[in-house]
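After the sequence you'll find the predicted model.
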Amino acid sequence: MVAREKEQYGGIKFGSAFFGWLTATGMIVLLTALLAGTGAAVGLGVLEDAEQAARNADGEAVGIAGGVVLLVILFVSYACGGYVAGRMARFSGLKQGLAVWVWGILIALVVALVAGVAGAEFDVLARVNGLPRLPVNEGDLTTAGVIVALAALVASLLGALTGGLAGMRFHRKVDRAGLPPTTTVR
């Protein structure tokens, strides 16, 4: 019965994937705000003067820590998004997770295209401080920046795929529990 249902209703459901992407985006904002608030509460962003900043600044360590935190936020957020899509669509959790990731890529491309055509004055993402940003200056993409960008793509993809499989797993548990077989009525 499950095989027939999967054959008829399986595959990618782009509506479910879109809501998974919305969930991932919301989680990114929430986790970033939580980390920023925690950092402010413990005084990570408070420096008294430029000399203190120079003494305490280890740019490489801060960059690596920021990159790792970004990757964790992306992985967890996209895992939540993949889970939502996998639960909503019931079948093909891996494909649902992939579709969540594809939504994220497509929307990023559309925003980049609109910003490129409209100019910097309409660059919405540059004005939104709640979203995590790659620790790279937009005009200055170095080898490290490319590596971080690729790592962010991989972390979000792996999170979305993992979440999609986890969302589908719930339905497999329900299917295994099932109802006892009934006799067919003739």
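Thanks, I have the structure now.

right, and the helix or strand after the lowest-mean-pLDDT helix or strand in the chain?
Across the helices and strands of the chain, the lowest-confidence element by mean pLDDT, DSSP states H and E is helix 50-56, at a mean of 52. Following helix 50-56 in sequence order, the next helix or strand is helix 59-89 (DSSP states H and E).

In terms of secondary structure, what does the helix or strand encompassing residue 105 contact?
Per DSSP H and E, residue 105 falls inside helix 93-118. Using 3 or more CB pairs under 8 Å, 6 or more residues apart in numbering; DSSP states H and E, the elements in contact with helix 93-118 are helix 14-41, helix 59-89, helix 124-127, helix 143-177. Using the backbone N, CA and C atoms, a C-beta is placed for each residue, glycine as well.

nearest to residue 97, of the ones you listed?
Among these, the nearest to residue 97 by CB to CB is helix 143-177 (2.6 Å).

residues of that closest one that come out buried?
148, 151-152, 155-168, 171 (16 or more other CB atoms under 10 Å).

And stretch 65-79, by the same measure?
Buried, per 16+ other CB under 10 Å, within stretch 65-79: 67, 69-71, 73-79.

model confidence over it, on average?
Stretch 65-79 carries an average pLDDT of 89.

which residues are in contact with it?
24-25, 27-28, 31-32, 35, 97, 100-101, 104, 132, 134-135, 148, 151-152, 155-160, 162-163, 166 (CB atoms under 8 Å, 6 or more residues apart in numbering).
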